[in-house]
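*Asks:* Below is the sequence, then the predicted model.
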Amino acid sequence: MAALRAAHAFSIDLAKMRSIALAGRRGRRAWIAFCVQSSELHCVAAYRFGRFADRVRARKPLMGLPFVVLHRVWNRWNTHLHHCDISRKARIGAGFMLMHRNGVLIGPVRIGSNAVVHHQVTIGQRAAGGDHGVPTIGDNVWIGPGAIITGDISIGDGATISAGAVVSRDIPAHALVAGNPGRVIANDYDNSALVNYVITPGSRASVHKS
């Protein structure tokens, strides 16, 4: 069951990333090149594998141990080579799109489906004020380059976090946030062009443009 859940989530991630990265290009050569060369894909795959490894170890410790060790080595490689560290304890919904992997740090947070995360993004605990909570982020959220999201806060569905925004308070659904500290500068903001493709989970992953 753990393997099926992990494989299903990753198949949806892969369908979304493939649709965006290949942009209509077809053929085995383009597909192989994408799988080999996409560092973003490798980082997402390592995260999903880590979730799978922990589930297996929780049910069958001896059987799961080799998977856990493999994930730790893989994740350490990603951290040093790609400067991307996604906690295996993070709960990220299907359709996760890592646009640029460099400088991404995601702690044990909860992120909904169809999230888009750019480079130099930090999502995790807030160091000040004794706040050890972590953010909960809804579906279809776009997070721009250099954004920082910290603390026990909630980001609503369809929210857009602009580049460089520092967010440490609750954000309503479909809001556009900018600045340091982050403030809502627009409500009912349509981020469908930014999210671009939305994955509809089901028995077979399907992709449709927002």
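*Replies:* Ah, there it is. Residues are numbered from 1 along each chain as shown.
*Asks:* What pLDDT does the model give Ser203?
*Replies:* Looking at Ser203, its pLDDT is 40.
*Asks:* what about the residue of the chain positioned farthest from its centre, which SS state?
*Replies:* If you look at how far each residue of the chain sits from its centre, by CA atoms, centre = their mean, the farthest one is Leu62, at 29.2 Å. Per DSSP: H, G, I helix; E, B strand; the rest coil, the local secondary structure of Leu62 is helix.
*Asks:* ok, so what distance separates it from Ala23?
*Replies:* 45 Å (CB to CB, to the nearest Å). Yep, even glycine has a C-beta here, placed from its N, CA and C like the rest.
*Asks:* got the contact list for the spatially most central residue of the chain?
*Replies:* The structure's the chain has its C-alpha centroid closest to Phe96; by CA atoms, centre = their mean the separation is 4.6 Å. Contact analysis of Phe96 by CB atoms under 8 Å, 6 or more residues apart in numbering lists 13, 16, 44, 111, 113-115, 117.
*Asks:* which one among those gets closest to Asn78?
*Replies:* Val44 (10.0 Å; CB to CB).
*Asks:* which stretch of helix or strand covers that closest one?
*Replies:* Assigned by DSSP states H and E, Val44 belongs to helix 39-59.
*Asks:* Not counting its neighbours along the chain, what's nearest the residue nearest to the centre of the chain?
*Replies:* Asp13 (5.1 Å; CB to CB, 6 or more residues apart in numbering).
*Asks:* That neighbour should be in a helix, yeah?
*Replies:* Yes: judged by three-state DSSP, Asp13 forms part of a helix.
*Asks:* follow-up on the earlier one: what about the residue farthest from the centre of the chain, distance to Val56?
*Replies:* In terms of CB to CB, Leu62 sits 10 Å off from Val56.
*Asks:* now the helices for this structure?
*Replies:* 2-22, 28-37, 39-59, 61-81, 192-195 (DSSP state H).
*Asks:* that older thread, I'd like the contacts of Phe96 laid out as CSV, including distance to Ala186.
*Replies:* Shown next, in CSV, are those (distance: CB to CB, whole Å):
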residue, distance to Ala186
Asp13, 29
Lys16, 26
Val44, 30
Ile111, 22
Ser113, 23
Asn114, 20
Ala115, 20
Val117, 21
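*Asks:* With distance to Ala193 and neighbour count added, can I get those residues in TSV?
*Replies:* As requested, the contacts of Phe96 are exported to TSV (distance: CB to CB, whole Å; neighbours: other CB atoms under 10 Å):
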residue	distance to Ala193	neighbour count
Asp13	21	24
Lys16	15	25
Val44	22	25
Ile111	20	23
Ser113	18	21
Asn114	14	27
Ala115	16	24
Val117	17	28
